[in-house]
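J.: this is the structure alone, sequence omitted:
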């Protein structure tokens with residue numbers, strides 16, 4: 001059930017405004033969303049920024065340092081980066097920034113495709129709890145949750161976002 005205190009659509013609007021203002025003059029801008037929530041956010045951002053031709057998605061399942069411990073998600077998606085990464089300014093998009101391990105894995109995978117000029121990170125929610133020195137350049141809100149909880153972004157059939165707080 002969506003959490004009424006976490007209005008995902010309002011948070012998305014805040015994030016989109018930050019990204020538009022912060023990347024207005026970026027050279028060779030491209031957007032890469034991390035499956036699945038980050039990919040949904042990236043898709044909408046790319047549409048608003050008229051960058052659908054510079055949109056990629058990434059699944060970090062095989063790049064995580066805790067792969068052996070966590071195993072694979074039920075549905076691994078193929079990484080798709082249909083543009084030249086070399087020299088690009090990449091906006092990496094994730095739904096929830098927590099330990100930083102997903103971001104690290106995504107950066108490692110991006111470098112397998114080339115050497116970007118710059119990578120910036122956008123996250124809908126920063127929930128703290130970092131295990132690695134990673135920070136978002138753009139973030140809509142920061143909240144604290146206990147370790148046994150997780151935030152889950154969902155996308156309805158009409159494309160609208162909602163957030164739920166579940167037990168981890």
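T.: Received, thanks. Everything quoted here is computed from the prediction, not taken from an experiment.
J.: pretty sure residue 41 contacts residue 124?
T.: Yes: if you go by C-beta atoms under 8 Å, residue 41 and residue 124 touch, sitting 6.2 Å apart. C-beta coordinates here come from the backbone N, C-alpha and C atoms, glycine included.
J.: from the chain's centre, how far out does stretch 155-165 sit?
T.: 15 Å (C-alpha atoms, centre = their mean, to the nearest Å).
J.: report the mean per-residue pLDDT for that stretch.
T.: In this model, stretch 155-165 has an average pLDDT of 95.
J.: residues in contact with it?
T.: 1-3, 6, 8-9, 11-12, 37, 40-41, 44, 124-125, 145, 149-154 (C-beta atoms under 8 Å, 6 or more residues apart in numbering).
J.: ok, the closest residue to residue 122 other than its chain neighbours - contacts?
T.: Leaving aside its chain neighbours, residue 122 sits nearest to residue 138 (4.1 Å; criterion: C-beta to C-beta, 6 or more residues apart in numbering). The contact partners of residue 138, taken as C-beta under 8 Å, 6+ apart, are 15, 18, 19, 22, 120, 121, 122, 123.
J.: dig out what the fifth one forms beta bridges with.
T.: Going back to what we said before, that points to residue 120. Bridge pairing for residue 120 (DSSP bridges) gives the partners residue 91.
J.: per-residue confidence for it?
T.: At residue 120, pLDDT is 98.
J.: relative to residue 88, how far out is it?
T.: 11 Å (C-beta to C-beta, to the nearest Å).
J.: more neighbours: the two, which one.
T.: residue 88 (25 against 18; other C-beta atoms under 10 Å).
J.: which residues of this structure score low on pLDDT?
T.: 1-5, 66-74 (pLDDT under 70).
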